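In: Make a model of this:
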Amino acid sequence: MKKIILQCLAIASIFVLLQSCATMAGGMNSYTSLAEMEKKPELSTMTNLCKTYGIASLVGANQFTILAPDNDAFNREGSLWVSNLSRPEYRKDLERLLKRHIILKKIDASQINNGEQKNLAGEIVNIGNARVKASYYTTNANIQVIDRVFR
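Out: Numbering: from 1, shown residues only. Below is the predicted model:
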């Protein structure tokens, strides 16, 4: 009986280990960044848009940086435009918006405007007169909170 219990415990331990390895390798890649963004009330609009689109479909198992506009930045764009982004017929617009705010590697705020970073839309990232207001770091992503939306 002890032998069976030990074997069951060993199998359960291996299963838990494999699950955690899959998560660290990207099996739930966007989870840590979304979980971090959800903790920040000022990022609720960007968090909801990432959830609506399914950010994992954009970033896959890669490390990434998200240039996350805060709620004030989205408010300046107009509530109708923002609410439309969540509608199925505007999915391509939402994809384009998110691609402009994601870089497929982890970078710090100081590296954003160095002329070497490309976003998922294939554009050289230049935040211009936008300001990085805060930085958050997760296992799979750097989140740079900015005060502007890249449309």
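
In: Three-state assignment for residue 127, please.
Out: Three-state call for residue 127 (DSSP: H, G, I helix; E, B strand; the rest coil): coil.

In: what's the burial count for the closest residue to residue 116 other than its chain neighbours?
Out: Distances taken as Cβ to Cβ, 6 or more residues apart in numbering place residue 124 nearest to residue 116, at 8.0 Å, with adjacent residues excluded. No exception for glycine: its C-beta is placed from N, CA and C like everyone else's. Counted with other Cβ atoms under 10 Å, the neighbours of residue 124 add up to 11.

In: now swap in residue 48 and tell me
Out: Using other Cβ under 10 Å, residue 48 has 16 neighbouring residues.

In: and what of residue 125?
Out: Using other Cβ under 10 Å, residue 125 is surrounded by 22 other residues.

In: Give the burial count for the residue nearest to it when sequence neighbours are not counted, as a bare number.
Out: Nearest in space to residue 125, with sequence neighbours left out and distances taken as Cβ to Cβ, 6+ apart, is residue 117 at 4.3 Å. Counted with other Cβ under 10 Å, residues neighbouring residue 117 total 19.

In: Check the one 3 residues further on too.
Out: Residue 120 sits with 18 neighbouring residues when counted by other Cβ under 10 Å.

In: how close does it sit to residue 72?
Out: According to Cβ to Cβ, to the nearest Å, residue 120 and residue 72 sit 24 Å apart.

In: Just confirm the residue nearest to residue 125 contacts residue 110, I think it does.
Out: No: contact status for residue 117 versus residue 110: not in contact, 11.2 Å apart, counting by Cβ atoms under 8 Å.

In: Residue 36: what secondary structure?
Out: Quick answer, by three-state DSSP: residue 36 is helix.

In: how about it, what does it touch?
Out: Residues near residue 36 by Cβ atoms under 8 Å, 6 or more residues apart in numbering: 136, 138, 141, 143.
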